[in-house]
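S.K.: Got a sequence here, can you model it:
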Amino acid sequence: MTVRTLTSEREVLGSVLPPWNAALPSDLCGKRAVEYDSLYALVVPFYLPSLASQISRSLTMMVLPLHVLSLGFSFGQVGMLITGMGVALALGNIPAASATTAYGPRFTLIASCVLLSTAAACACVAPALPEALLLPMLVCVFSLFGVADAMGILARQTFVGILVQSGLRGRVASALGGCNRLAMVVGASAGGCIAERYGLQTAYAVQAIVSAVSAVAVCAAMPAVSASHSSSDREVESGLHTGEEGLSMAAVARAHWRVLLVGCGFTGCAYFMRKSREMLLALEGHARDMSQAEVGRIAAFSYLVECGIFPLGGYSLDMLGRARTGAVSFALMSVALLAMQVGFHGSFTTFAVIGGLSNGMTTGLAASVGNDLAPPACRGNFLAVFRLFSVSADPAAASLLGFVADATSLDLAEVAVSTIAVCGAACALFCAPGELRVAPGRGDPELKESIGLKADEWAQ
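M.R.: Got it, this is the predicted structure:
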């Protein structure tokens, strides 16, 4: 972390800390402001707490859908439950935005860990319930996981947007994604082994305990970068008010709907591919009569590949541009699905590897695009609306896969996802606006420190 002098209004507007972070030592308008300018400075205050919380989430990521299938539910019912989790993930941005704006990212991340612990405890007792109560309890479990995910993701994304420069943001967000993938490697393999050896209830109990420990780790390591959501005197004096400081989420959506439409469509395709791979790892493994431990190991290997490729993804986001990086990722996912359709020996493992490469390329894409387009004056609520719409692709993927797999076959569901991937790559290459094609890490002269200040111009 460094303290540098802001020498122009452009730098002030690009680096201003939102009012809910007024506790940070900052002195704006031609003086000094705090910001992080390297990945290493973020290891203890940001990456380690994020890693702990994500490990707790990933412990049952593969176990949960397999558990539901083992209880006698169909592919379609599993798809609907995961759709409900996706809806909760999208709608969870509303309370997440309120909590982050009022209390800051650390509080929101702690609340996410508490919700994860609660959801795991509910899943632990679900099999013992009467049949009439089993489905409602599963709906509650999936919904709690969705809201917890929303709160954790928005907390981390807001932290990056507040304190990291645009030219470094892709690498910081990608490194965060790498930490998440590393957590998934550890969590998916450990969760599958625990469920296989000691039973499903033990896996959920371990998740509840790890989530509680993660909340303590976040409280101890992550700085409290919030104090009040009211405007500070320094902002009034520096003329940074643009009339958007007090905008609600609905007002932000109305004021920036063109930017949100394009940005959410682009990142929504990435969310669609990510959820499709996650579901297909479980559904295809079940269709091939693989054990929970086998599916967990292959999923862990896929996330390990994804974790290993994230530095290239972050470098590509900053040096090649957001749109071109997204196009490469979507094309790779189409190839991965084609490999599984061919059906040669080891095709499932090939899908896991290429799918990991695809998702690794877009590690940090959504966080980078959202923070690039977010106006500094209403960053928190803009990011919440941005995620609300873009994450809607998550339940859409679950619904499409579950419905098509039940109505026709799992193979046709995979063909549908592959078609969407090809269309997404074409749109990213030929339809993305110039602001998503520039390479901020190269210092392109037309790039603003905060792209959101001019983002409406290309959208009109």
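S.K.: show me where pLDDT drops low in the protein?
M.R.: In the predicted model of the chain, residues 1-35, 166, 226-246, 433-435, 437, 439-460 satisfy pLDDT under 70.
S.K.: Skip the chain neighbours and tell me the closest residue to the residue nearest the centre of the chain.
M.R.: The chain has residue 153 as the residue nearest its centroid, 5.3 Å off, counting by Cα atoms, centre = their mean. Nearest residue to residue 153, sequence neighbours excluded (Cβ to Cβ, 6 or more residues apart in numbering): residue 387, at 7.0 Å. Placement of C-beta: from N, CA and C, glycine included.
S.K.: would that neighbour count as being in a helix?
M.R.: Yes: according to DSSP: H, G, I helix; E, B strand; the rest coil, residue 387 belongs to a helix.
S.K.: tell me the contacts of it?
M.R.: 90, 93, 150, 153-154, 157, 366, 370 (Cβ atoms under 8 Å, 6 or more residues apart in numbering).
S.K.: Quick one: those residues as JSON lines, columns for secondary structure and distance to residue 396 too.
M.R.: Conversion of the contacts of residue 387 to JSON lines gives the following (DSSP: H, G, I helix; E, B strand; the rest coil; distance: Cβ to Cβ, whole Å):
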{"residue": "90", "secondary structure": "helix", "distance to residue 396": "10"}
{"residue": "93", "secondary structure": "helix", "distance to residue 396": "16"}
{"residue": "150", "secondary structure": "helix", "distance to residue 396": "16"}
{"residue": "153", "secondary structure": "helix", "distance to residue 396": "18"}
{"residue": "154", "secondary structure": "helix", "distance to residue 396": "20"}
{"residue": "157", "secondary structure": "helix", "distance to residue 396": "21"}
{"residue": "366", "secondary structure": "helix", "distance to residue 396": "15"}
{"residue": "370", "secondary structure": "helix", "distance to residue 396": "19"}
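S.K.: for those residues, which one is nearest residue 320?
M.R.: When those are compared for distance to residue 320 (Cβ to Cβ), residue 366 comes out closest, at 16.7 Å.
S.K.: Report the contact partners of that closest one.
M.R.: Residue 366 neighbours (Cβ under 8 Å, 6+ apart): 157, 267, 270-271, 387, 390.
S.K.: Near residue 429, how many other residues are there?
M.R.: 16 (other Cβ atoms under 10 Å).
S.K.: should've said residue 287
M.R.: Neighbour number of residue 287 under other Cβ under 10 Å is 15.
S.K.: now it, nearest residue through space, not along the chain?
M.R.: Closest to residue 287 by Cβ to Cβ, 6+ apart is residue 410, at 5.7 Å.
S.K.: Thought residue 284 was touching the one you found, still the case?
M.R.: Yes: if you go by Cβ atoms under 8 Å, residue 410 and residue 284 touch, sitting 6.7 Å apart.
S.K.: When those two are compared, which one has more neighbours?
M.R.: residue 284 (22 against 17).
S.K.: What segments of the stretch 351-460 of the chain are helices?
M.R.: Listed in chain order, the helices of the stretch 351-460 of the chain (DSSP state H, counting those that start in this stretch) span residues 365-373, 379-390, 393-407, 410-430, 455-459.
S.K.: Please disregard the earlier target; I meant the stretch 1-150 of the chain.
M.R.: 9-15, 48-58, 63-70, 75-91, 93-103, 105-125, 131-163.
S.K.: Adding distance to residue 344, write those out as JSON lines.
M.R.: Below are the helices of the stretch 1-150 of the chain laid out as JSON lines (distance: least, Cβ to Cβ, whole Å):
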{"stretch": "helix 9-15", "distance to residue 344": "51"}
{"stretch": "helix 48-58", "distance to residue 344": "30"}
{"stretch": "helix 63-70", "distance to residue 344": "25"}
{"stretch": "helix 75-91", "distance to residue 344": "24"}
{"stretch": "helix 93-103", "distance to residue 344": "41"}
{"stretch": "helix 105-125", "distance to residue 344": "37"}
{"stretch": "helix 131-163", "distance to residue 344": "35"}
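S.K.: so which of the ones you listed gets nearest residue 41?
M.R.: That would be, of the helices of the stretch 1-150 of the chain and by Cβ to Cβ, helix 131-163, which comes in at 9.7 Å.
S.K.: Check which helices and strands that closest one sits against.
M.R.: Under the contact criterion of 3 or more Cβ pairs under 8 Å, 6 or more residues apart in numbering; DSSP states H and E, helix 131-163 touches helix 48-58, helix 63-70, helix 75-91, helix 93-103, helix 105-125, helix 166-198, helix 365-373, helix 379-390.
S.K.: so which of these is the most packed in?
M.R.: Greatest average neighbour count among the helices and strands packed on helix 131-163 goes to helix 365-373 (a mean of 28), per mean count of other Cβ atoms under 10 Å.
S.K.: out of the helices of the stretch 1-150 of the chain, nearest to residue 203?
M.R.: That would be, of the helices of the stretch 1-150 of the chain and by Cβ to Cβ, helix 63-70, which comes in at 5.4 Å.
S.K.: Not counting its own residues, what contacts the closest one?
M.R.: In contact with helix 63-70 (Cβ under 8 Å, 6+ apart) are residues 60, 75, 77-78, 81-82, 123, 138, 141-142, 145, 191-192, 195, 200, 203, 279, 282-283, 285-286, 292, 295-296.
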